[in-house]
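Novice: got a predicted structure here, sequence first:
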Amino acid sequence: MKAIKLASVFAVSAVAAAVSTTTIAAEGVFSGNAGIEYVAVDDGNNDLSGTNEGEVELAIDTGIVYAEIEIATSGGDEGTKIGMEKLYVKQGAVSFGRFDGSVSTGSFMGMDEYFGGVDLKTSGDTDNTGIRYQVSPELTVAIEATESVDAVAAVADDPNTNADETVDAVEAQDSDIGFALSYVKDFGAFKAGISGGSVGDANAVNVGVQTMAGPATVSLNYGSGASGVTGDTDVELMTASVAYAASEALTLTLEFSSNLEAETDGTYFVGEYAAGDLIYYVKNYAGDLDTELTKVGVKAEF
């Protein structure tokens, strides 16, 4: 994907040890894609849309602060979603802030359309708050936290209206603070890793292995753990994928994933063919992990 660089100057203020308010010249890197897509849904409504496939991403790295902002189409008329994907401070081997993910899934490898490993989740996940220390290129340890939850009072349904106004009560929850680590090593012939952690009563353990056989990259992942405020929901996931570079222009990827606790599974296939400035693709979702559908489209990336 080509990158278009936009020279910018950003005032970055971070309150932390050894970090002061600083004005730093930064490079803003824009990337994204646009196109048109036809979606054929099994037992559903088919759709031809120019707003399904659209995204602009801005990455800013000042050397002290890294920020990643995503602007994506929502599928509606002029609909737009804007999200602060990542925003964290870097100080040598230590970084802290929002990482849009957990170190506990750091060993996951390959296609992650359905699952990306078992993460740490109580009343919420730990995407928004983390302090990471990279001990070595292979080992990262972290302190991660969930967000607090405000109490919500129960509301009974009004029998005089047609709508259901019922609201279930929600107990207040403090932030859960926990620990996570990831160790991934490249052994040459293959790459393997283990990661996991614990926060509140939730926990996770993931293992991943990846190897290359000519133009094919084969990945296998397994994860298990417990989620929920009291850790009473068991989670067990498996994902295997094969990415095959048939030529410089044609790539084929197949993922098989299974929710072993729910005894459901699904496959995801994507084929992409690059011709000049355009990429033609077909995607297929099958099984009971998600809605069964097929997407056919063409897009351009920048």
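Specialist: Everything's here; your move. Numbers count the residues shown, from 1 in each chain.

Novice: which residue comes closest to Leu120 once chain neighbours are left out?
Specialist: Val199 (4.5 Å; C-beta to C-beta, 6 or more residues apart in numbering). For glycine as for every other residue, the C-beta is placed from the backbone atoms N, C-alpha and C.

Novice: let me know the outermost residue of this structure.
Specialist: For the chain, the largest distance from the centre (C-alpha atoms, centre = their mean) belongs to Asn160, which lies 43.7 Å off.

Novice: who does the residue nearest to Leu120 form a beta bridge with?
Specialist: With DSSP bridges applied, Val199 shows beta-bridge pairing to Ala202.

Novice: isn't it up against Ser123?
Specialist: No. Using C-beta atoms under 8 Å, Val199 is not in contact with Ser123, being 10.6 Å away.

Novice: give me the more crowded residue out of those two.
Specialist: Val199 (27 against 20; other C-beta atoms under 10 Å).

Novice: model confidence at the more buried one, what's the number?
Specialist: pLDDT recorded at Val199 is 95.

Novice: against Asp158, how distant is it?
Specialist: 39 Å (C-beta to C-beta, to the nearest Å).

Novice: name the single longest strand found in this structure.
Specialist: strand 22-41 (DSSP state E).

Novice: report pLDDT for the residue farthest from the centre of the chain.
Specialist: Confidence score, pLDDT, at Asn160: 76.

Novice: so it is in which element?
Specialist: Asn160 belongs to no helix or strand when assigned by DSSP states H and E.

Novice: now swap in the one 3 residues further on and tell me
Specialist: Taking DSSP H and E as the criterion, no element holds Ala163; it sits outside all helices and strands.

Novice: got the contact list for stretch 118-126?
Specialist: Taking contacts as C-beta atoms under 8 Å, 6 or more residues apart in numbering, the residues outside stretch 118-126 that touch it are 101-102, 104-105, 144-147, 149, 173, 176, 178, 180, 197-206, 223-225, 227-229, 231, 235-237.

Novice: rerun that using 6 Å as the cut-off
Specialist: With C-beta atoms under 6 Å, 6 or more residues apart in numbering as the test, stretch 118-126 has contacts from 102, 104-105, 144, 146-147, 149, 173, 176, 197, 199-200, 202, 204, 206, 223, 225, 227, 229, 235, 237.

Novice: OK, contacts around Ser195?
Specialist: With contact set as C-beta under 6 Å, 6+ apart, Ser195 has these partners: Ser104, Gly106, Ser107, Ser182, Asn206.

Novice: so which helix or strand takes in it?
Specialist: Going by DSSP H and E, Ser195 is in strand 190-199.

Novice: that strand: how far from the chain's middle?
Specialist: In terms of C-alpha atoms, centre = their mean, to the nearest Å, the centre of strand 190-199 is found 16 Å from the chain centre.

Novice: may I see the buried residues of it?
Specialist: Across strand 190-199, burial judged by 16 or more other C-beta atoms under 10 Å covers Lys191, Ala192, Gly193, Ser195, Gly196, Gly197, Ser198, Val199.

Novice: same check, this time on stretch 39-46
Specialist: Quick answer for stretch 39-46 (16+ other C-beta under 10 Å): Val39.

Novice: just name the shakiest helix or strand of this structure by mean pLDDT.
Specialist: strand 4-12 (a mean of 33; mean pLDDT, DSSP states H and E).

Novice: okay, now stretch 99-109: how far is its last residue from its first?
Specialist: By C-alpha to C-alpha, to the nearest Å, the extent of stretch 99-109 from end to end equals 18 Å.
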